[in-house]
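Trainee: sequence first, then the predicted structure:
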Amino acid sequence: MLRTIFRNQHRAFPPGLISVYLFTFLAASLTAQTAGMGALTGRVTDPSGAGVANVTVTATSADTGQARSTTTGTDGTYKLDGLAPGNYRVKFEASGFKSLELPSAAVNATEAAVLDTKLEIAEVGNAIPVNKPPPVSQEDLPNAPSSSTPPPSLQDLGFPAEQSQGNAREQALLDKRTHMLKIHQRLGLITTIPLIATVATSLNAGGKTTSTTSRDLHVALGGLTGDLYFMTAYYAIRAPRVPGTETRGPIRFHKVMAWIHGPGMILTPILGAIAFDQKSKGEKVHGIASAHGPVAIVTAGAFGASLLSVSLKF
């Protein structure tokens, strides 16, 4: 009996017809969920009429207080979907521009509301802070290296806001230079460790009663110091320069000291190799090799002064 009823019901509702009913039901359900929702769209431009990218657009419902956010594309356009009909408070924020807040924008369910805006260039010091550091000169470095320190901008170097907004190439050069100079400073701090150790071991490496072990240790530390030093110098020499900036403050002194410890770091190991050869033969250090110690001390002093000039404010 039950089998007969099941067969009759199965014949009355073929599988294909059941699928159509399910599809129709799901489509109606989805339509009901999206019906009655509105959208907000528009374009954000600068004073010249060009689109502004990466502008944060936030729409806050005046009725519920719920907020929705999006960012503008490369052409300055944006779109906020799925907004309940009503009044919204819309805020526009972008780095280098004054923030703009519109107290009321009506959104309805029949068509997308269009809201075009124009942002004004922010005055220097009043721009929206997006990882903006304190003003620094071209080559200024922080007192203590930190990966959390935000990079400088072109406005920090004295460029007006109008010019820095459209100067992406110079900003990219500045970002790369800042990154390389931070590595330069970190390596300089690391280099001081074997440098001090090399100077300390030199006291027992040049006397009449010095052992081979003392000389070998002094040579090894000196070689390590030289390798680290030239790695440090590489990041300073290869750091790109931003046109239109000038060197000032402690950086001038830093560069002057480089003209002393730079040649010194080349001459010291050469003189040291000659002195090492003489000591290995049982001879007393003589001739030009006798200048190895004084040159090394002057070089170390100039390197230390150069390091302090960018690590301490004076």
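Mentor: Happy to help now that I have it.
Trainee: residue 260: which element?
Mentor: Following DSSP states H and E, one finds residue 260 within helix 250-280.
Trainee: for whatever helix or strand comes next after that helix, which positions count as buried?
Mentor: Tracing the chain past helix 250-280, the next element assigned as helix or strand by DSSP H and E is helix 292-311. Residues of helix 292-311 classed as buried under the neighbour-count rule (16 or more other C-beta atoms under 10 Å) are 292-293, 295-296, 299-300, 302-303, 306-307, 309-311. C-beta: built from backbone N, CA, C; applies to glycine.
Trainee: now swap in stretch 71-87 and tell me
Mentor: 72, 76, 78, 80, 83, 85.
Trainee: repeat that for stretch 230-239.
Mentor: Within stretch 230-239, the residues that qualify as buried by neighbour count (16+ other C-beta under 10 Å) are 232, 233, 235, 236, 239.
Trainee: my guess is the fourth one contacts residue 185, does it?
Mentor: No - applying C-beta atoms under 8 Å as the test, residue 236 and residue 185 come out as separate, 9.1 Å apart.
Trainee: give me the below-cutoff pLDDT ranges for the stretch 201-314 of the chain.
Mentor: Along the stretch 201-314 of the chain, the model assigns pLDDT under 70 to residues 204-211, 244-246, 248, 312-314.
Trainee: then the stretch 51-200 of the chain?
Mentor: Residue ranges of the stretch 51-200 of the chain with pLDDT under 70: 124-168.
Trainee: can we see that at 90?
Mentor: Counting by pLDDT under 90, the stretch 51-200 of the chain contains low-confidence residues at 61-68, 80-87, 96, 103-114, 121-182, 184-185, 188, 195, 197-200.
Trainee: the helices in it, which residues?
Mentor: For the stretch 51-200 of the chain, the helices defined by DSSP state H, counting those that start in this stretch occupy 161-165, 168-201.
Trainee: can you tell me which of those helices is nearest to residue 212?
Mentor: helix 168-201 (13.1 Å; C-beta to C-beta).
Trainee: show me what that closest one is packed up against.
Mentor: Counting contacts by 3 or more C-beta pairs under 8 Å, 6 or more residues apart in numbering; DSSP states H and E, the secondary-structure elements packed against helix 168-201 are helix 212-237, helix 292-311.
Trainee: and the angle for it with helix 250-280?
Mentor: 40 degrees (axes from the mean of the first three to the mean of the last three C-alpha atoms, to 10 degrees).
Trainee: and the protein, what are its domains?
Mentor: Structural domains assigned to the chain are 36-118, 154-311, following automatic domain parsing.
Trainee: ok so, going back, got the angle for the helix holding residue 260 vs helix 212-237?
Mentor: 150 degrees.
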